[in-house]
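**Student:** Show me the folded form of this:
(one chain, ligands or ions: 1)
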Amino acid sequence: MIRSLCPFCAAAKSLNPQWPSHRAASTLQKRRPSRMDLSPNVSRGPPKTTESGQRPIRKSRANSPFGGMNVTEPPRPGYGVKRGVSISEQKRAGGKYGSKDKKGEEPKGEMKALKMQRALSSISYEARARVKQTLADLESFGDFDLLPVIKESVSTQALGGLSEVSPTPIQRLAIPALLGTEDGKHRNKKANTTDGDSAKKAIQYFLLAAETGSGKTLAYTLPILDALKRAEATALSLQHTLAAEKAAEIPANRQLFELPSPPLHDDSLTNVARPSTIILLPTSELVAQVGALLKNLSHSIKFKSAMLSTAYTSTVIRSRLFAPGGVDIVVSTPHLLSSITESDPNVLSRVKWLVIDEADSLLDRSFSPITSGIIDRVTPSLQQLVLCSATIPRSLDSYLAKRFPEVRRLVTPNLHAVPRRVQLSVVDIEKVPYQGNRDLACAQTIVEIAKENGEGGEGESVGGGKKVLVFVNEREKAAELTGFLRGKGIDATALSRDSDDRAHADVLAEFTGQAIPSANKPHTSPPPPSRRSGLEALTAPPIPRQVKGVKVLVMTDLGSRGIDTTLVKHVVLYDVPHTSIDFLHRLGRVGRMGRRGRAVVLVGKGDRRDVVREVREGMFKGSALI
Ligand SMILES: Nc1ncnc2c1ncn2[C@@H]1O[C@H](COP(=O)(O)OP(=O)(O)OP(=O)(O)O)[C@@H](O)[C@H]1O
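**Tutor:** Next up is the predicted model:
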């Protein structure tokens, strides 16, 4: 009679054919083998070696889940590698022929859909880890070699009296680099020379790349202000020295009635319409935002700045630029600055510091010719070019490699990652009750946000309820959706290129919590009806509020770039964004500077659900989007 083996014996036999079965054991030992019994093979010595002198690898061991356990020797090269795998299979697996980036980025098989877009340039995780280590030592603004007045102004003027401020990763990276004081190096004295210096120094190029809402504005503002004030002090002392030398030259026997010759008008000393710093931003809202920060800082640091954008009349622009007291820093949109320089090219003749903020926008196809034209014009006097961006699209990457190969890339470890404190949920608009009605799904999502118990704190409900940003892909849709939401009793406003610049500032102020500078409202009366767009006409008439406790701003990508919407905790992505770059900018309106945030994306037929899934997975893991 054939008796089947017990499972223990069967397993033992598969490993060692010599293992006695129960039956045999019973005849040999008259008892069941205990787990503590030694193998009868222990006296056999080590297994035979192969010709090459290496131990043979048992198949069962090499290709099992426990294959790597209890191994006392490192695996031989080629150990465990499948033979006969095609090159394309290896590519997919990221092996020898894998899609490992030339900069060392490991392929992420799980982000296939995003990889198809190839929107973002990749940064290796080794590089990120290296940067993380170098940042650990700088814990306070006091650690930077900034002028004392600038250090003091950070918390009092720039951060609204925030106590115990510490620099963010991009500030830790960029401030010493822009000052030229990294690794305890001494300040580069050449960087603070005056106009009169004859020796032309090599221009320094920097790219500051850090996640949204991470304080990039201060990261470039503080070192530039420091350099500006030091250059000013050097120029002043030079002026005193020259005056003293001139006085010493006057002969002692000069007749009393002889009048000293009037001082020659030294054009090099006036900065009327000759700024030393230009900050370029893509929209007038951003000009107002950065301009407001500079204005606050100027109260203690003492410098003159001018905001130029289409939000101001030509008279206001002229009076700011040609103010008799001069101007140190001009904050402008490239189009406006470019048109000003058409009539007065000398406006750019003394620019030493040029900042291109939101460089991913300002150097994209639509802006690039204008922005590049400004770079060309300032190049003769330029000392530093600072590009600043929350993403490095591949297009920007190749532009920099071609045009500024020597650019120093200061990239934070979390670039291209949406912080884990931002949650992204998905609403399937094809399901009941929406059945494909995206507008309805959007309205219902907003109603639910309004109904939710406020999570409190962070001033979200200051000034009339929760603030919700709704992003649409097409600007025509912004107006249409706003009309729909208002019809449902939701307090919604549209913001798109069609709407008036001044209206933008007013509406945005409710979402950013920033007071609008008084000069930002040059007109007290509304523009005449003929100048009002269809959109405004649609959104202007007040409607009775039915959905209480929520204020909605519907916008296109225009609004997603750079606006510091610190009061916003909720974002609705009405459309699935076209690229991972848009995802990063739109989701970046929440979760700023350590805050928490929630985002909802509406997904329907024809939408890239795979992209949404990958973005969610990336957010969950805290990994960078690609
Ligand atoms: N060191 C700091 N500590 C606390 N808050 C800070 C610090 N630096 C900047 N902030 C605040 O963080 C917010 C975001 O800053 P900022 O607008 O410069 O971010 P950003 O990186 O330029 O964002 P985006 O990429 O969206 O343009 C601002 O409200 C700013 O006042």
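**Student:** Show the subsequent helix or strand relative to the least confident helix or strand in the chain by mean pLDDT.
**Tutor:** Of all helical and strand segments in the chain, the minimum by mean pLDDT, DSSP states H and E falls on helix 534-539, at a mean of 43. From helix 534-539 onward toward the C-terminus, using DSSP states H and E, the following helix or strand is strand 550-555.
**Student:** Direction included, what does the helix or strand just after that next one pair against?
**Tutor:** Scanning forward in sequence from strand 550-555 by DSSP H and E, the next helix or strand is strand 570-573. Under the criterion DSSP bridges, strand 570-573 sits next to strand 466-471 (parallel), strand 597-603 (parallel) in its sheet.
**Student:** Same question for stretch 475-483: list its buried residues.
**Tutor:** Within stretch 475-483, the residues that count as buried by 16 or more other C-beta atoms under 10 Å are 475, 477-483. All C-beta atoms are positioned from the backbone trio N, CA, C, and that covers glycine.
**Student:** and residue 299, how many neighbours does it have?
**Tutor:** Around residue 299 sit 10 other residues, with neighbours defined as other C-beta atoms under 10 Å.
**Student:** Kindly confirm whether my reading is correct that it touches residue 152.
**Tutor:** No: with the criterion set as C-beta atoms under 8 Å, residue 299 and residue 152 do not qualify as a contacting pair; they are 11.7 Å apart.
**Student:** Contacts only, for residue 573.
**Tutor:** With C-beta atoms under 8 Å, 6 or more residues apart in numbering as the criterion, the residues that contact residue 573 are 471, 586, 599-602.
**Student:** Now the two most distant members of those.
**Tutor:** 586 and 602 (12.7 Å; C-beta to C-beta).
**Student:** So which of the two has more stuff around it?
**Tutor:** Per other C-beta under 10 Å, whichever of residue 586 and residue 602 has more neighbours is residue 586, with 25 against 22.
**Student:** Could I get the full set of strands for the stretch 201-350 of the chain?
**Tutor:** Assigned strands in the stretch 201-350 of the chain, in chain order: 204-209, 277-280, 305-308, 329-332 (criterion: DSSP state E, counting those that start in this stretch).
**Student:** Please convert those strands to JSON lines, extending it with mean neighbour count.
**Tutor:** Formatted as JSON lines, the entries for these read as follows, by neighbours: other C-beta atoms under 10 Å:
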{"stretch": "strand 204-209", "mean neighbour count": "22"}
{"stretch": "strand 277-280", "mean neighbour count": "26"}
{"stretch": "strand 305-308", "mean neighbour count": "24"}
{"stretch": "strand 329-332", "mean neighbour count": "26"}
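**Student:** mind giving me CSV with those and columns for mean pLDDT and distance to the ligand?
**Tutor:** Shown next, in CSV, are the strands of the stretch 201-350 of the chain (pLDDT from 0 to 100; distance: least, C-beta to the nearest ligand atom, whole Å):
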stretch, mean pLDDT, distance to the ligand
strand 204-209, 96, 9
strand 277-280, 98, 12
strand 305-308, 96, 16
strand 329-332, 97, 14
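**Student:** So for residue 434, which of the ones you listed sits nearest?
**Tutor:** Across those, the minimum distance to residue 434, taken as C-beta to C-beta, is reached by strand 204-209, at 38.5 Å.
**Student:** In its sheet, which strands sit next to the closest one, and in what direction?
**Tutor:** With DSSP bridges as the criterion, the sheet partners recorded for strand 204-209 are strand 384-389 (parallel), strand 408-411 (parallel).
**Student:** hey, least reliable of those strands by pLDDT?
**Tutor:** Of all the strands paired with strand 204-209, the minimum mean pLDDT falls on strand 408-411 (a mean of 94).
**Student:** Could you identify which of the strands paired with strand 570-573 is most buried?
**Tutor:** For the strands paired with strand 570-573, ranked by mean neighbour count under the definition mean count of other C-beta atoms under 10 Å, the leader is strand 466-471 at a mean of 26.
**Student:** could you check the angle strand 550-555 makes with that one?
**Tutor:** Relative orientation of strand 466-471 versus strand 550-555 (axes from the mean of the first three to the mean of the last three C-alpha atoms, to 10 degrees): 20 degrees.
**Student:** Give me the angle between the helix or strand just after strand 466-471 and strand 550-555.
**Tutor:** Moving toward the C-terminus from strand 466-471, the next helix or strand (DSSP H and E) is helix 475-487. In this structure, helix 475-487 runs at an angle of 160 degrees to strand 550-555, with the same axes, to 10 degrees as the basis.
**Student:** other SSEs contacting helix 475-487?
**Tutor:** Helix 475-487 is packed against helix 438-451, strand 491-495, helix 534-539, strand 550-555, with contacts defined by 3 or more C-beta pairs under 8 Å, 6 or more residues apart in numbering; DSSP states H and E.
**Student:** one more time with 10 Å
**Tutor:** If contacts are counted by 3 or more C-beta pairs under 10 Å, 6 or more residues apart in numbering; DSSP states H and E, helix 475-487 sits against helix 438-451, strand 466-471, strand 491-495, helix 534-539, strand 550-555.
**Student:** a markdown table please, covering the ones you listed and showing distance to residue 228.
**Tutor:** Formatted as a markdown table, the entries for these read as follows, by distance: least, C-beta to C-beta, whole Å:
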| stretch | distance to residue 228 |
| --- | --- |
| helix 438-451 | 44 |
| strand 466-471 | 35 |
| strand 491-495 | 34 |
| helix 534-539 | 40 |
| strand 550-555 | 34 |
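**Student:** and the ligand, which of those is closest to it?
**Tutor:** Put simply, out of those the one that sits nearest the ligand is strand 466-471, at 12.6 Å, with distance taken as C-beta to the nearest ligand atom.
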